[in-house]
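S.K.: below: sequence and its predicted model.
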Amino acid sequence: MAAKHHDEESPEADAAEVVAYQQDLQKRLARVDLLRANAEVLTRNVEVLSLQQQQLLRARETLQTLQQPRDLSDELLVPIGGEHYISATVGELSHCLVPIGSGVRVRKPVGAVIGDLDKTIGRIDEERTRQVEQLTTIEHERVSLERQLETEMALLQQSGAAPS
């Protein structure tokens, strides 16, 4: 038997193309939603990392300041919570209590603590930078995909084939 040749596509082929296009459109819209959600998570992660880094920078700065020569009778205001402070003096500062997990702390020389803080601050900065780069990549992909979808929808509306 010879194959039939049609100048126009059959209605079944047209319907299949429409269904395939709609499925592709659904996938791309879902991808935009996923990219948006991932961007929100990364944004929160970057904020948390920035806060952690600020806290560690403040701890390092405090230790460095307290390590400098000073009059041992100089008073400090020590926060005790709820915006309340006590006045105290710091003698010779040689060691610091450092958390090691589960509420446990060890006594370490101040110089070693400052070195550890520097390393941790560096690791946090690297991770924050990595996540910002990921966020930038995701945002570029999301914006590009959204523009592509907006362009397609505008073309479909102009041709009268857009879903309402």
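M.R.: Sure thing, it's come through.
S.K.: only C-alpha atoms from now on, for both contacts and neighbour counts.
M.R.: Noted.
S.K.: who touches Ala112 in this structure?
M.R.: If you count contacts by Cα atoms under 8 Å, 6 or more residues apart in numbering, Ala112 has none.
S.K.: let me see the confidence value for it.
M.R.: On pLDDT, Ala112 comes in at 96.
S.K.: then the one 5 residues further on?
M.R.: Model confidence at Leu117, given as pLDDT, is 97.
S.K.: contacts for stretch 58-70 next, please.
M.R.: Stretch 58-70 has contacts (Cα under 8 Å, 6+ apart) with Leu93, Ser94, Val110, Ile114, Leu117, Asp118.
S.K.: do that again at 10 Å, thanks
M.R.: 52-57, 90-96, 110-111, 113-118, 121 (Cα atoms under 10 Å, 6 or more residues apart in numbering).
S.K.: show me how far stretch 21-38 is from its chain's centre.
M.R.: 21 Å (Cα atoms, centre = their mean, to the nearest Å).
S.K.: wait, I meant stretch 17-36
M.R.: 26 Å.
S.K.: what of stretch 112-130?
M.R.: Stretch 112-130 sits 17 Å away from the centroid of its parent chain (Cα atoms, centre = their mean).
S.K.: buried residues in that stretch, which are they?
M.R.: Val113, Ile114, Leu117, Thr120, Ile121, Ile124, Asp125, Arg128 (16 or more other Cα atoms under 10 Å).
S.K.: same check, this time on stretch 99-113
M.R.: Neighbour-count burial for stretch 99-113 flags Val110, Val113 (criterion: 16+ other Cα under 10 Å).
S.K.: swap in stretch 78-89?
M.R.: Across stretch 78-89, burial judged by 16+ other Cα under 10 Å covers no residue at all.
S.K.: just confirm Ser87 contacts Ser73, I think it does.
M.R.: No - using Cα atoms under 10 Å, Ser87 is not in contact with Ser73; the gap is 11.4 Å.
S.K.: list the residues that contact the spatially most central residue of the chain.
M.R.: Centroid-nearest residue in the chain: Leu42, 2.6 Å away (criterion: Cα atoms, centre = their mean). By Cα under 10 Å, 6+ apart, Leu42 lies in contact with Arg36, Val48, Arg128, Gln131, Val132, Glu133, Gln134, Leu135, Thr136, Ile138.
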